[in-house]
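*Asks:* Coordinates for the following, if possible.
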Amino acid sequence: MTERKLPPRKTPDDKGSQEASPTDETTKDSRTPAKEVPMGPNTQSTNESQNGLPQPNDDLLEKIKWAKECVKNNPKAAAALGLTAGGLTVVAAPALLTGPVLSFMGFGSTHGGIVGGSFAAAIQGMMGNVVAGSWFATATSAAMGGYGVPVIAAVGQGVGAAAAVAGGAYATKELRKEQADKEGEGEGKDEGGDGPKGFRR
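*Replies:* Numbering: from 1, shown residues only. Next comes the predicted model:
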């Protein structure tokens, strides 16, 4: 009988001596492609990134929706908060109030300080001679940038502070009233479950 010769077994050392296939070489030399990132709610799509338009933030949209709902549900409180914000702005920059008011009344910054045919001109005609240090003289000086500027600014700040306090108090009152109404509705639902609505045992 003839003996069969088996092919030699491959050892781990022989693996390194094997020639790499063309596919292996191209895989090693070529760069691996970037992994695809899954699209999330805040991730820009391809078209949006080409247009260069920023994607809106979900948190910002939620806050805007919440603010709109608050204004819609309680417009009085929203108006009061607006008055508070306006009053605080006038306290910080009183010229925003005093300048337009003086100009509307007819106190100008030109020579003479009084605009002809205005409300201030009519008051001056009734007063006759203007006494130095009076409110009219102070307003005229403030419009022309004189000694009356800090006085009128202080008056404007006082008006702004009063508006801010009044607006804040009214807004707090309205918000508390709304909260009490919500709590009352919740209690009415709980108590009126077994019997007629509003019936208390």
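*Asks:* isn't there a helix covering Leu81?
*Replies:* Yes. Assessed by DSSP: H, G, I helix; E, B strand; the rest coil, Leu81 belongs to a helix.
*Asks:* That one reaches Tyr170, doesn't it?
*Replies:* No. Here Leu81 does not reach Tyr170: they are 9.1 Å apart, not a contact under C-beta atoms under 8 Å. Using the backbone N, CA and C atoms, a C-beta is placed for each residue, glycine as well.
*Asks:* Between the two, point out the one with more neighbours.
*Replies:* It is Leu81, of Leu81 and Tyr170, that has more neighbours when counted by other C-beta atoms under 10 Å, with 20 against 17.
*Asks:* quick one: contacts for that one?
*Replies:* 167-168, 171 (C-beta atoms under 8 Å, 6 or more residues apart in numbering).
*Asks:* again, only this time at 10 Å
*Replies:* For Leu81, the contacting residues are 70-71, 74, 167-168, 170-172, 174-175, by C-beta atoms under 10 Å, 6 or more residues apart in numbering.
*Asks:* how much space is there between it and Ala166?
*Replies:* Noted for Leu81: a distance of 12 Å to Ala166, by C-beta to C-beta, to the nearest Å.
*Asks:* ok so, going back, of the contacts of Leu81, buried ones?
*Replies:* Buried subset of these (neighbour count, 16 or more other C-beta atoms under 10 Å): 74, 167-168, 170-171, 174-175.
*Asks:* can you tell me which two in those residues are farthest apart?
*Replies:* Asn74 and Gly168 (14.6 Å; C-beta to C-beta).
*Asks:* residue ranges with poor pLDDT in this structure?
*Replies:* Within the chain, the stretches with pLDDT under 70 are 1-57, 111-112, 186-201.
*Asks:* if you set the cut-off to 80 instead, what comes out?
*Replies:* Applying pLDDT under 80 to the chain picks out residues 1-61, 63, 66-67, 70, 110-113, 182, 184-201.
*Asks:* Output the contacting helices and strands for whichever helix or strand Thr172 is part of.
*Replies:* Assigned by DSSP states H and E, Thr172 falls within helix 148-191. On a contact count with 3 or more C-beta pairs under 10 Å, 6 or more residues apart in numbering; DSSP states H and E, helix 148-191 meets helix 58-73, helix 75-92, helix 95-105, helix 135-143.
*Asks:* buried set for the last one?
*Replies:* Just to be clear, that refers to helix 135-143. If you call a residue buried by 16+ other C-beta under 10 Å, then helix 135-143 has these buried ones: 136-143.
*Asks:* Same list, those residues, but as CSV with distance to Gly113 please.
*Replies:* Output for these, formatted as CSV (distance: C-beta to C-beta, whole Å):
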residue, distance to Gly113
Phe136, 10
Ala137, 9
Thr138, 11
Ala139, 9
Thr140, 4
Ser141, 8
Ala142, 9
Ala143, 6
